[in-house]
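Chemist: I would like the atomic coordinates for the input below:
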Amino acid sequence: MQKILKIRKLLKSKKIEAILIASPYNKFYLANLYSGSGYVFVTKRSQYVIVDFRYYKQVKEDTKGFTVIEQTRANKLENILNKIIHDEEIRTIGFEGDYIVYDAFSNLDTNLEAQLVPVSLEALRCLKSTEEIHLIAEAAEITDKAFSHILDYIQCGMSEKQVENELVRCIRECGGIKESFDIIVASGERGALPHGKASDKKICAGELVTIDFGVNLKHYCSDMTRTFAMGYVKDAKLVEIYEVVKRAQEEAIKQIRSGIRAGEIDAAARSIIQAEGYGEYFGHNLGHGMGIMVHEYPALCPDSSVILEAGMVVTVEPGIYIPQLGGVRIEDDILVTKEGAIPLTKSPRELIIVKG
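Modeler: Coordinates of the predicted model:
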């Protein structure tokens, strides 16, 4: 019930009396309902799950502490909500503007006997429980295993898509449900594409290969990036930028602890990259929170004033991307504690030369 208490604290801070939750991530977090259909409705004194017949029986079995209501053609969502509104004398209802489409909002705004107020729940899941941390750590362990396997598997002449397919196979063999997101495999000059999805390009000797992937385990995610070389490195500039990125990441991780501003972590890495003359080639944020979604609150970005707290899990992923040359990114999943940072992904950060 701690999660429901978080919602009720939000109701009080926003001066609203209930909230309608549509996000599949927040529905799962609060009520064990991972679906694009259905709603969770929390008031000052009650909590409900509203679903149609496809989910009703399963939710009744899986969800504890909630009143489960079946939505039908005769008993529409607005009818269900209006009854609760009347019974609990509700005047204002928060809703997730990012997850309720216009037509659904328009219908509710017209038919509900309460005022709708947009509310952000982006910070709801930022502090992870012991169980959540354990699941993320398990996903990270599978990620490390899959990366180790790929180092033994990859060969010059393979396509990037072949590597992607083998990663997906290995993730599932090791117990992951699926990959956390579309896997990035970018070799040679394509390494300059921060989100270079796997292509038909053949991987060649002397190139750097960047692999960015993660594991979804019981709806919790990992996210790791490693860059390595095939046989040798054909351009010494690539070794130079690798060492700059590695040093930037190490310094940022060293700074992580509860009580520090997220923007300071970004600055710790970015200042090193800028001092070496590569600032213009590092165009994205240093990292992001992670959990049920692979990208969650908070962002580790230059202008962030968010104070890190023990129990957050964030990525640290500096990168340098030079057109017509290639790129380097190194990313790890980091648990924030009072004492400092605990890496959950543990694959080597040194530049690995694969025989290939």
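Chemist: Pull the residues that contact stretch 11-20.
Modeler: Under the contact criterion CB atoms under 8 Å, 6 or more residues apart in numbering, stretch 11-20 has outside partners 7, 10, 39-44, 81, 84-85, 88, 90-96, 100, 108, 114, 117, 119. No exception for glycine: its C-beta is placed from N, CA and C like everyone else's.
Chemist: Which of those are buried? Put it as a PyMOL command.
Modeler: The following PyMOL line selects those of the contacts of stretch 11-20 that are buried, judged by 16 or more other CB atoms under 10 Å:
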select buried, resi 7+10+39+40+41+42+43+81+84+85+90+93+94+95+96+100+108+114+119
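Chemist: Could you list which of the contacts of stretch 11-20 belong to strands?
Modeler: Secondary structure assignment by DSSP state E places 39-43, 92-95, 117 of these in strands.
Chemist: Can you tell me which of these lies closest to G231?
Modeler: V40 (53.1 Å; CB to CB).
Chemist: quick one: pLDDT of that closest one?
Modeler: Note for V40: predicted pLDDT of 98.
Chemist: In contact with it, which residues?
Modeler: By CB under 8 Å, 6+ apart, the residues touching V40 are 20-21, 26-27, 30-31, 33, 47-50, 66.
Chemist: ok, now with 7 Å
Modeler: Counting by CB atoms under 7 Å, 6 or more residues apart in numbering, V40 touches 21, 27, 30-31, 33, 49.
Chemist: Please produce JSON lines containing these, extended by secondary structure.
Modeler: Output for the contacts of V40, formatted as JSON lines (DSSP: H, G, I helix; E, B strand; the rest coil):
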{"residue": "I21", "secondary structure": "strand"}
{"residue": "K27", "secondary structure": "helix"}
{"residue": "L30", "secondary structure": "helix"}
{"residue": "A31", "secondary structure": "helix"}
{"residue": "L33", "secondary structure": "coil"}
{"residue": "V49", "secondary structure": "strand"}
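Chemist: tell me which element the residue minimising distance to the centre of the chain falls in.
Modeler: Nearest to the mean C-alpha position of the chain, by CA atoms, centre = their mean, lies V294 at 1.6 Å. If you go by DSSP states H and E, V294 is not part of any helix or strand.
Chemist: Next, the contact list for the spatially closest residue to I203 that is not a sequence neighbour, please.
Modeler: In space, and not counting its chain neighbours, I203 is closest to S187: 4.6 Å by CB to CB, 6 or more residues apart in numbering. Residues near S187 by CB under 7 Å, 6+ apart: 160, 201, 203, 207, 209.
Chemist: Next secondary structure element downstream of the helix or strand in which R226 is found?
Modeler: Following DSSP H and E, the helix or strand that holds R226 is strand 224-230. Where DSSP H and E defines the elements, the next helix or strand beyond strand 224-230 is helix 236-255.
Chemist: buried stuff in the helix or strand just after that following helix?
Modeler: Sequence-wise, the next helix or strand downstream of helix 236-255 (DSSP H and E) is helix 262-275. For helix 262-275, a neighbour-count test (16+ other CB under 10 Å) marks 262-270, 272-273 as buried.
Chemist: go on, stretch 138-158?
Modeler: With burial defined by 16+ other CB under 10 Å, the residues of stretch 138-158 counted as buried are 138-147, 149-151, 153-154, 156, 158.
Chemist: Repeat that for stretch 209-219.
Modeler: 209-217, 219.
Chemist: quick one: which of the contacts of S187 is nearest to E131?
Modeler: Closest approach to E131 among those (CB to CB): V209, at 35.1 Å.
Chemist: what sits against that closest one?
Modeler: The neighbourhood of V209, defined by CB under 7 Å, 6+ apart, consists of 185, 187, 203, 227-228, 230.
Chemist: Shouldn't it be within a strand?
Modeler: Yes - under three-state DSSP, V209 falls within a strand.
Chemist: Quick check: beta-bridge partners of it?
Modeler: Beta-bridge pairing for V209 (DSSP bridges): S187, F228.
Chemist: Please tell me how far it sits from I320.
Modeler: According to CB to CB, to the nearest Å, V209 and I320 sit 15 Å apart.
Chemist: can you check E280 too?
Modeler: Taking CB to CB, one finds E280 at 10 Å from I320.
Chemist: what does F105 give?
Modeler: Using CB to CB, one obtains 43 Å as the distance from F105 to I320.
Chemist: For the two, indicate the residue with more neighbours.
Modeler: Each of F105 and I320 has its neighbours counted (other CB atoms under 10 Å); I320 has more, 27 against 15.
Chemist: So what does that one look like in phi/psi?
Modeler: Phi and psi for I320, reported as degrees, to the nearest 10, are phi -130, psi 130.
Chemist: and if you look at K44?
Modeler: Main-chain dihedrals, K44, degrees, to the nearest 10: phi -60, psi -30.
Chemist: Would you state the strands of the stretch 51-200 of the chain in chain order?
Modeler: 67-70, 92-95, 115-118, 178-179, 184-187 (DSSP state E, counting those that start in this stretch).
Chemist: List the contacts of the shortest one.
Modeler: Residues from elsewhere that reach strand 178-179, judged by CB under 7 Å, 6+ apart: 168, 171, 213-216.
Chemist: what about S106, neighbour count?
Modeler: 11.
Chemist: and the gap between I241 and T227?
Modeler: 10 Å.
Chemist: shared neighbours of these two, anything?
Modeler: With CB under 7 Å, 6+ apart as the test, I241 and T227 both reach V328.
Chemist: Fine, thanks again, bye for now.
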